[in-house]
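In: turn this into a structure:
(chains A and B)
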Amino acid sequence: MNALLCRGLADPVHDAGRIFRRLLAALAQPGRPANLLDAFAGLEDAPSGAARPLAAALLALADFETPVWLDHDAEGLVRSLVNFHCGAPLVDDPRRARFAVVTEPDRMPPLAAFDWGSAEYPDRGATLLISVANLDGGAPVTLTGPGIATATTFAPQGLPDHFWSQRTMMQKDFPCGVDCFLFDDHHVAGLPRTTQAREDE
Amino acid sequence: MSGPAAGYNFGYLDEQTKRMIRRAILKAVAIPGYQVPFGSREMPLPYGWGTGGIQVTASIIGEDDVLKVIDQGSDDTTNAINIRRFFQRVTGVTTTTLTGEATIIQTRHRIPETPLHEGQILVYQVPIPEPLRWLEARESETRRMHALAEYGVMRVKLYEDIARFGHIATTYDYPVVVNNRYLMRPSPIPKFDNPKMHRNPALQLFGAGREKRIYAVPPYTDVVSLDFEDHPFEVQRWDATCSLCGSADSFLDEVIVDDAGGRMFVCSDSEYCQRQREAIS
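Out: Here you go, the predicted structure:
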């Protein structure tokens, strides 16, 4: 039964507020993971397909105004969360999603499959919530851009190599693009479209 | 501090409104200087009194935050006192006048003299968010101009200033380019404050309630005031120092003290002035 319905946030008002502030800090300081687990209570029996912090972020941000797309493996598991707790419409076409949940980054669609917004309305670009094995210990990339004082090293595990090259391609279309949050079991890291990543030798 | 007033949600706004504004803030941070449209709500005070800044603050504030509110640099003017009291009533958070201790600073038309640090959030109240609005009235056109980064018309306006007055006569709300891409109105802060926006460690959020726009400057982001090689950007300078604290490097207000032409100059940032005076005595 757990797979059908899980508990939501223990304190929907203050938990959602704290979760948002961690997400905001993560996006304002790209590549610097923020702890998300100690920002909320609840979601103990959250669907195992996605990290608990990812489920929490979805609860804090998504509602009836934001179509959500789930990758195949998250389907069924997160569906109850999205449907019941967020009341967000599920879409099959990634291009129609405001929020896209990726639990298997290896098999994720190319970034070009998502909505990048338009030059007039770049804010309509989608936000990707990506579950990775760990936000540390992977192949390091050097990040620069707004929110980063000089440069920072970021080494998430479990992202496909083409993720970074696709992002570089995407940045030619700035201000259009997608923004990413990466989650492991404890933390969230932000990767706005402005962050330049250079793969270390 | 007493708890939030009964009958209101924490921070006055309902949760769906907060989520909508929070999503707008995240996109604003992701696209520095771009104005994100949002569904501005009716607030219990009129447009023009800081409804945009209040909605941004109400959407980000939490129980552990320490709030400072300033109006033209002062903690003690009507707008600042009322907004501070409003948030005390609807959130019960601690408030302060000390710039260094605040986690959120809501401001009308000044940036505090005390340098901000990482983790702080500065929320600006913005009357007109569109820098090109007085040059091009049509929203469809200004939106296209931003899409194409076509900002020549603003350069012409500054050039016309030089042709007419011999210098760029804009002294407040001086246009800036954020992250080498978007032309942005910094809200009516004096151009004295413009250099403080450049690579500031704090997160800067801007809310325009009537115009329904939110925009942002993330920490450590380039904010460059428009100028020309032969007419470089300059900030105001005074021959006087502050009459109360003697500061020579803060923004000074001219105050008329009698009806015989007597005047004095005092710091616009009341908290900074206060601390300077305490340091002297």
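In: now name the helix or strand holding B:R23.
Out: helix B:15-30 (DSSP states H and E).
In: got the contact list for A:W164?
Out: A:141, A:197, A:199 (Cβ atoms under 8 Å, 6 or more residues apart in numbering or on different chains). In short, each C-beta sits where N, CA and C put it, glycine included.
In: how close does it sit to B:T51?
Out: From A:W164 across to B:T51, the span is 42 Å (Cβ to Cβ, to the nearest Å).
In: and if you look at B:R263?
Out: 34 Å.
In: who has more neighbours out of these two?
Out: B:T51 (21 against 11; other Cβ atoms under 10 Å in any protein chain shown).
In: related to what we said a few turns ago, lowest-confidence entry in the contacts of A:W164?
Out: On pLDDT alone, A:E199 ranks lowest of the contacts of A:W164, at 85.
In: tell me what it is bridged to.
Out: As for beta bridges, A:E199 partners with A:V141 under DSSP bridges.
In: quick one: residues contacting it.
Out: Contacts of A:E199 (Cβ under 8 Å, 6+ apart): A:139, A:141, A:164.
In: please report how far it lies from chain B.
Out: Using Cβ to the nearest Cβ, to the nearest Å, we find A:E199 at a distance of 22 Å from chain B.
In: spell out which parts of chain A neighbour chain B.
Out: Residues of chain A found near chain B (Cβ under 8 Å from any Cβ of the partner chain) are A:12-14, A:16-18, A:20-21, A:23-25, A:27-29, A:60-63, A:65-66, A:98, A:118-120, A:122-123, A:125, A:127, A:146-149, A:174-175, A:179, A:192-194.
In: list only buried entries from these.
Out: Buried members of the residues of chain A next to chain B, counted by 16 or more other Cβ atoms under 10 Å in any protein chain shown: A:13-14, A:16-18, A:20-21, A:23-25, A:27-29, A:60-63, A:66, A:98, A:119, A:122-123, A:125, A:127, A:146-148, A:175, A:179, A:192-194.
In: now the helices for the stretch 1-150 of chain B?
Out: Using DSSP state H, counting those that start in this stretch, the helices of the stretch 1-150 of chain B run over residues B:15-30, B:51-60, B:78-91, B:139-147.
In: just the stretch 151-281 of chain B next, same as before
Out: Going by DSSP H, counting those that start in this stretch, the stretch 151-281 of chain B shows helices at B:152-165, B:194-197, B:270-280.
In: which one is B:D65 nearest to, not counting chain neighbours?
Out: Nearest residue to B:D65, sequence neighbours excluded (Cβ to Cβ, 6 or more residues apart in numbering or on different chains): B:T103, at 4.7 Å.
In: follow-up on the earlier one: the helix holding B:R23 - contacts with which helices or strands?
Out: helix A:12-28, helix A:52-61, strand A:179-183, strand B:36-37, helix B:51-60, strand B:203-208, strand B:213-217 (3 or more Cβ pairs under 8 Å, 6 or more residues apart in numbering or on different chains; DSSP states H and E).
In: gap between the residue nearest to the spatial centre of chain A and A:L43?
Out: Nearest to the geometric centre of chain A sits A:L129, at 1.9 Å (Cα atoms, centre = their mean). Applying Cβ to Cβ, the value for A:L129 to A:L43 is 14 Å.
In: could you do B:P129 as well?
Out: From B:P129 over to A:L43 (counting by Cβ to Cβ), the distance is 37 Å.
In: try B:R133
Out: B:R133 is 45 Å from A:L43, by Cβ to Cβ.
In: if you count what's nearby, which of the two comes out ahead?
Out: A direct count of neighbours by other Cβ under 10 Å for B:R133 and A:L43 places A:L43 higher, at 21 against 14.
In: helices and strands around the helix or strand bottoming out on mean pLDDT in chain A, which ones?
Out: Between all helices and strands in chain A, the lowest mean by mean pLDDT, DSSP states H and E belongs to helix A:77-80, at a mean of 71. Helices and strands touching helix A:77-80, by 3+ Cβ pairs under 8 Å, 6+ apart: there are none.
In: the next helix or strand after it: partners in the sheet, and parallel or antiparallel?
Out: From helix A:77-80 onward toward the C-terminus, using DSSP H and E, the following helix or strand is strand A:99-102. Its sheet considered, strand A:99-102 pairs with strand A:68-70 (parallel), strand A:127-131 (parallel) by DSSP bridges.
In: B:D259: neighbour count?
Out: For B:D259, the count of nearby residues is 6 (other Cβ under 10 Å).
In: whoops, I mixed them up, B:T77
Out: 15.
In: ok, it to B:N200 distance?
Out: Counting by Cβ to Cβ - B:T77 and B:N200 are separated by 24 Å.
In: next one: A:A34
Out: 20 Å.
In: identify the residues contacting A:P94.
Out: Neighbour list for A:P94: A:69, A:100, A:109, A:113-115, A:126 [criterion: Cβ under 8 Å, 6+ apart].
In: just the buried ones from the residues you listed?
Out: Using 16+ other Cβ under 10 Å, the buried ones in the contacts of A:P94 are A:69, A:100, A:114-115, A:126.
In: report the two of those residues separated the most.
Out: A:W69 and A:D115 (9.8 Å; Cβ to Cβ).
In: can you list the weak-confidence ranges in chain A?
Out: A:1-4, A:48-50, A:75-77, A:201 (pLDDT under 70).
In: my bad, the stretch 151-281 of chain B
Out: By pLDDT under 70, the stretch 151-281 of chain B contains no weakly predicted segment.
In: do I have it right that A:A88 meets A:V68?
Out: Yes: using Cβ atoms under 8 Å, A:A88 is in contact with A:V68, at 4.6 Å.
In: what is in contact with these two at once?
Out: Common neighbours of A:A88 and A:V68 (Cβ under 8 Å, 6+ apart) are A:62, A:82, A:99.
In: what's the burial count for the second one?
Out: Other residues near A:V82 come to 27 when the count uses other Cβ under 10 Å.
In: the last one too?
Out: A:F99 sits with 22 neighbouring residues when counted by other Cβ under 10 Å.
In: same question for B:G261.
Out: Residues near B:G261, counting by other Cβ under 10 Å, number 7.
In: check B:G48 too.
Out: By the criterion of other Cβ under 10 Å, B:G48 has 11 neighbours.
In: and the gap between it and B:K212?
Out: 14 Å.
In: any shared contact partners between those two?
Out: Joint contacts of B:G48 and B:K212 (Cβ under 8 Å, 6+ apart) do not exist.
In: residue contacts, B:V29?
Out: Contacts of B:V29 by Cβ under 8 Å, 6+ apart are A:24, A:27-28, A:147, A:192, B:203, B:216, B:218.
In: let me have these in JSON lines, extended by distance to B:G246.
Out: Shown next, in JSON lines, are the contacts of B:V29 (distance: Cβ to Cβ, whole Å):
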{"residue": "A:L24", "distance to B:G246": "39"}
{"residue": "A:L27", "distance to B:G246": "42"}
{"residue": "A:A28", "distance to B:G246": "37"}
{"residue": "A:G147", "distance to B:G246": "37"}
{"residue": "A:P192", "distance to B:G246": "44"}
{"residue": "B:L203", "distance to B:G246": "33"}
{"residue": "B:A216", "distance to B:G246": "36"}
{"residue": "B:P218", "distance to B:G246": "36"}
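In: neighbours around the closest residue to B:P186 other than its chain neighbours, how many?
Out: In space, and not counting its chain neighbours, B:P186 is closest to B:V176: 5.5 Å by Cβ to Cβ, 6+ apart. B:V176: 23 surrounding residues under other Cβ under 10 Å.
In: so what's B:V176 up against?
Out: B:183-184, B:186, B:194, B:197, B:223-226.
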